[in-house]
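J.: fold the following.
(4 chains)
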Amino acid sequence: MSGHHISTDKTLLGVAGALLILTIATVGVHYLHLPNPWSIIVAMIVAIMKGSLVAVFFMNLYWDTKFNSMLLLAAFLFFGLLVGLTLLDTLFRPEVIPSF
Amino acid sequence: MANHSTTSSHSRFQQHHFVDAEQQFDAAKMGMWVFLVTEILMFGGLFAAYIVYRLWYPELFVLASEELNTLWGGVNTLVLIGSSLTVAMAIKSAQLNQKRNIAINLGITLALAAIFMVIKYFEYTHKFHLGIFPGEFYTFEGIDHPKANVFFSLYYLMTGLHGIHVTIGMGLMIWLLVRSTKGHFGEEYYTPIEMTGLYWHLVDIIWIFLFPLFYLID
Amino acid sequence: MATAEANPKKIQVQRYEPESDPDKHYLNEETGLWTWLTTVDHKKIGLMYLASITFFFFVGGIMALLVRTELWTPAKTFIEANTYNQLFTLHGAIMIFLFLVPSVPAALGNFFLPLQLGAKDVAFPRLNLLSYYIYVAGAVISIVSIVSGGIDTGWTFYTPYSSTTGGAVTIMTFGVFVIGFSSILTGVNFITTIHKMRAPGLTWDKLSLFSWSLYATSIIQILATPVLAITLALVGMERILGIGIFDPAMGGDPVLYQHFFWFYSHPAVYIMIVPGFGIVSEVITTFSKKHIFGYWAIALSSLAIAFIGFLVWGHHMFVSGQASLATMVFSFLTFLVGIPTGIKMFNWTATLYKGSIKLASPLLYIFGFFFLFLVGGLTGIVLGSIALDVHLHDTYYVVAHFHFVMVGGMVMAFLAGLHYWWPKMIGRMYNETMAKIACGIIFIGFNVTFLPQFVMGSQGMPRRYFNYIEQFQSFHQISTIGSYILGFGFVMIFYYLVKSIFTGEKASPNPWGSRALEWQVNSRPPLHNFHHTPVIVNGPYDYHKPMDEFQLGLAENHNAHSDVNGAEVSVSNEEETSAE
Amino acid sequence: MDALNDLLLPPAKSTLAHQTDTLFWFVHLSSLALTIGLIAVIVYFVYKYRRKSEDEVTPLITHNNTLEVTWSVIPLILVLVVFGWGYKVFMDQQVVPDDAYEIKVTGQKWMWQFTYENGARTNGELHVPADRPIKLIMSSNDVIHSFYVPDYRLKQDVVPGQYTELWFNAKEPGESIIYCTEYCGTAHSDMLGTVVVHEQTDFKTWLAENAGGGSKPEDLAPAEWGEQLAQEYACATCHSTDGSQMTGPTWQGKFGSEEPLADGSSVTVDENYLRESILEPNAKVVQGFPAVMNTYQGQLNEEQINAIIEYIKTLK
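T.: As a prediction, the model looks like this:
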């Protein structure tokens, strides 16, 4: 079983360093005030990168059984279903306005 | 995987219904991951509400997030990342049987979590001072949008639920710290540290998303 | 999985036969009230759940009878409108959260899942006990809310009614929130148990279909229940803080609440019914002594239902004011969920073909299930069709439909399971004649109660009505009479089952001649289930193989390694010849 | 078939109702055929293969892929037909004809209010011209209600904070019942209404007579008119006139009495207090009653409020 991977200091500190840099970067990009859709897109891409780093290395998914990664992805898939199908309604509601 | 030999040593923490410590560890880890799935979906309800309202009132989110302090949010992000690192170090220490380091790393984690909560406390009280309360108690007049209260409801709910998780995590850290000083953990047995670690990292990941969603939009 | 043992072919296997009259079993190895309250034995916890859900079933049932009695006349019969509104709300909430959701998984599943896996217990026995106490705590909180004002929102807690009405809604939502965690933890426990606790040789293709159904159910429980928890927490917050997410008076959107609520509550229907499907597979094969037809079709259709069940919640909202686009997509997806359900029905029917069918009471209940669930399912197709739902939504047609699914389907399957496994749990046989008569009474009572409701609903009788127009009176009266018959049937079952505990004939270890693993232990299983770690060579439905191939265990009961990922175990053995 | 139709379905009084009915029968009859077929097969198997001895051995039949595909694909085709058909009828119900005549509907606990283009207003009775598309624009003042006319096979939730719409075309003059089908509290089941379909010319006359909202009919005393209004505006669902306790305080003997308020103070029930309670119900709530009443600001004019007060005065 591969559940007993022992992370080296190098990996742990490296990942923490990368997270530090990404955090500073995302705050920095924030002060650039990118035009509207892009600021959120960049911020979310950075957040996903950071989250993945934590999940893959701190949470050992890289060395772990693939089933656990699958569980994590399934959680996001079902979250996506909740959001996606709800948006099918909230984004497409007709504007009904009485004429008098 | 362990073999069939009758000599397999029994850790004193092994429960009767498991065949060996290995199976017990695997089961605990898998159970923890399944539990984390439920945590993600629990936060998911709030994130979904956030997305729906953000797409309905994008201008509100830009306006309202000006009231949030990006600097302190960023500092808190770094604090949590640091605590994730120390939890990972604690697990590594256990795996290498460095019993003193387990306690030290857990202690630092606990301290960082406390710092996070203190900063959160000052952020909250500052807003209360301005009259930015959740929901119907909202009295702040600085934001020109009829639904400003909804934004701050979301803010308080999401960071509040996250804060509750941090607090629970701190309780778990204290428990681990007590057990580690009693010498319960070492290379054969460190399941509780690893499980708490997984939980703590998830709390960290959620904050990693909360931070840009609330602090980085204006 | 590195199953690199010295030589897997050298596993020493021995035949062991269950004792017909064990002097030690799980009920007498540890005795006293305290051992019950602190037990981590999945079987005792299962029985505690069984007692609790039975209690709440009768509480909810009495409420149903009061509601039906009030509807005897078009205006007030004997209670006030507000009392009536509270009664139907509590009937729904109690039956769903305190009876249906925990019924099969937490009671029967707890008892039989480890037995069917050849495990000593579930993966997390203490967590299992904690789940039970969380359930009790949630139930107590709900009772507190009933005595401190009650609730009249309907079990759906729709905003903004729930966020503005009086009564103890906040306490009730908190109670359901708590119960939700019980359900979540049971799900976590079962998934891990199925993955990690299987006996040597018990590969995925030898897993019983009941276990498969519990697996599918657990997946729904862990994915959907957290969303309900947070949604009800938001309703509570709406009442306390006026957060304005759902309440339009504060700037919120009430339809959003419905999305979140049904994201749980539609899959919750499958939490209730899918374990019932598992029971059907077990009972049908046992009483026709035949291999299940389409094992994989049935196993995988459970998973398919679990998945598609998440995509169809919007069919509760066709007239809610949601966008037509969402309505169209949800309607389309709704029809897809009918297919795996249909596949199951056909496969079960095909299993009977050329079987050796014995019409014992569990099978009789299953046939009751067949008819009632078929009606429930097909009227579901009617309601999935948008234009028809526009007419029938929130009428008695819907009431009849979901009672056919939940009572006709789920409760009948639950009763079948209860009768099927009763000898194993209690070690006693019940009165078979009475069981058959009760089954008939329930079947008749049920149809008399709910068939007229289809007619009323089509005619336009709305649900949750205290007063109604006179045109519907005769239908209501037939329905009320039916509900009394139904109630009598349930009391009768309670009577003869309880009686059997004291005076029933002793049950043999395998009274039905089943090949499934739980029947290869003593009736009233030992405290740790198996004296020997069982070794599985055949599937639970291999009726063409002799019985002794199903009674194999590791010869030396040392700390045997249960091969959790189910790598192939081939068995050869000197004393008893067995297997390939 | 007609008798069966009458047993199961209410009369079809709108242009589109028959489409729903045809689909209704198609799905039900094919379901019935399937049920009978499957049950017959089961009964036959149970009889044919009943156990004759305990030692019987059954053949090993594990699966049959052809069968699996068959009984997956055929039902799939059937349900897709039902989906498409249901969707088509639904779209006809959704797309409002351009020339539809618009009426505003307001739901509140526990009555239906209808407002017409010329300011005419009715409670509980929806007056429409026959043989002309009618578009209802609906909203709620408090909780969710649902507007349901079984004769038209139509239903639409009425949601606070947003507008929803519904259209129909009633062919013949006549009356049909309106239900509220979204649970809305104590008097949910009394929240009924009637659609009154007039000949087109009659409707014009009716509309002209009621232009601008209500004013006192010549032949009525103010108190009598007040009683009528209290009826129309469903005051009686919360306020009794015989002293019994309901959601709100009874009106009997209330005028001139001293009432304790929820905040501990008290108030004398006079014209001013009654007027304020109609327009701002939650300003001074009588102790022991929930603050659930809606404002009638903009729904009752001064003349009407006075009439209701006169009526309350008469209830000694």
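
J.: find the helix or strand that the spatially most central residue of chain A is a member of.
T.: The residue lying closest to the centre of chain A (CA atoms, centre = their mean) is A:I48, at 2.9 Å. Under the criterion of DSSP states H and E, A:I48 resides in helix A:36-53.

J.: hmm, stretch C:517-532 in reach of chain D?
T.: No - Stretch C:517-532 stays out of contact with chain D when judged by CB under 8 Å from any CB of the partner chain, the minimum separation being 15.4 Å. (Each C-beta comes from the backbone N, C-alpha and C, glycine too.)

J.: returning to what we had before: please save the CA atoms from the helix holding A:I48 in CSV.
T.: C-alpha atoms of helix A:36-53 as CSV (Å, rounded to 0.1, in the frame of the first residue of the first chain):
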residue,chain,number,x,y,z
ASN,A,36,-13.5,42.7,-15.9
PRO,A,37,-13.8,39.1,-16.8
TRP,A,38,-10.0,38.6,-16.7
SER,A,39,-9.3,39.5,-13.1
ILE,A,40,-11.6,36.8,-11.8
ILE,A,41,-10.3,34.3,-14.3
VAL,A,42,-6.7,34.9,-13.4
ALA,A,43,-7.5,34.8,-9.7
MET,A,44,-9.4,31.5,-10.0
ILE,A,45,-6.6,29.9,-12.1
VAL,A,46,-4.1,30.8,-9.4
ALA,A,47,-6.5,29.5,-6.7
ILE,A,48,-6.9,26.2,-8.5
MET,A,49,-3.2,25.9,-8.9
LYS,A,50,-2.7,26.6,-5.2
GLY,A,51,-5.5,24.2,-4.2
SER,A,52,-4.0,21.5,-6.4
LEU,A,53,-0.6,21.9,-4.9
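
J.: in terms of secondary structure, what does the helix or strand following it contact?
T.: Next helix or strand after helix A:36-53 toward the C-terminus (DSSP H and E): helix A:66-90. In this structure, helix A:66-90 packs against helix B:21-56, helix C:209-241, helix C:254-288, helix C:324-352, with contacts taken as 3 or more CB pairs under 8 Å, 6 or more residues apart in numbering or on different chains; DSSP states H and E.

J.: and helix A:66-90, which residues are buried?
T.: A:68-69, A:71-72, A:74-75, A:78-79, A:81-83, A:85-90 (16 or more other CB atoms under 10 Å in any protein chain shown).

J.: quickly note the distance from C:E470 to chain A.
T.: Going from C:E470 to chain A by CB to the nearest CB, to the nearest Å gives 36 Å.

J.: nearest residue to that residue in space, please, no chain neighbours.
T.: Spatial nearest neighbour of C:E470, chain neighbours left out: C:P74 (5.2 Å); criterion: CB to CB, 6 or more residues apart in numbering or on different chains.

J.: tell me the secondary structure at the one you found.
T.: Following DSSP: H, G, I helix; E, B strand; the rest coil, C:P74 is assigned to coil.

J.: also B:A114?
T.: B:A114 - assigned by three-state DSSP - is helix.

J.: ok, the one 5 residues further on next?
T.: The three-state label given to B:I119 by three-state DSSP is helix.

J.: and it, what does it touch?
T.: The neighbourhood of B:I119, defined by CB atoms under 8 Å, 6 or more residues apart in numbering or on different chains, consists of B:72, B:75-76, B:79.

J.: pLDDT score for it?
T.: At B:I119, the model reports a pLDDT of 93.

J.: relative to B:M158, how far out is it?
T.: Noted for B:I119: a distance of 16 Å to B:M158, by CB to CB, to the nearest Å.

J.: equivalent analysis for D:E232, please.
T.: The gap separating D:E232 from B:M158 is 47 Å, by CB to CB.

J.: picking up where we left off before, please tabulate the helices and strands packed on helix A:66-90 in TSV, including the columns mean pLDDT and distance to C:F174.
T.: Converted to TSV, these look like this (pLDDT from 0 to 100; distance: least, CB to CB, whole Å):
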stretch	mean pLDDT	distance to C:F174
helix B:21-56	91	15
helix C:209-241	94	6
helix C:254-288	94	16
helix C:324-352	93	30
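
J.: neighbours of C:S361, just the number please.
T.: Per other CB atoms under 10 Å in any protein chain shown, the neighbour tally for C:S361 reads 23.

J.: not counting sequence-adjacent ones, nearest residue to it?
T.: C:A435 (3.6 Å).

J.: which ones are touching the residue nearest in space to the middle of chain C?
T.: By CA atoms, centre = their mean, chain C has its centre lying nearest to C:V104, at 3.5 Å. The contact partners of C:V104, taken as CB under 8 Å, 6+ apart, are C:217, C:275-276, C:278-279, C:410, C:413-414, C:417.

J.: so which of those residues is the closest to chain A?
T.: Of all the contacts of C:V104, C:T217 has the smallest distance to chain A: 15.4 Å, by CB to the nearest CB.

J.: and the residue lying closest to C:S331 once chain neighbours are set aside, how many neighbours does it have?
T.: Closest residue to C:S331 apart from its sequence neighbours, by CB to CB, 6+ apart: C:I386 at 4.9 Å. If you count neighbours by other CB under 10 Å, C:I386 ends up with 29.
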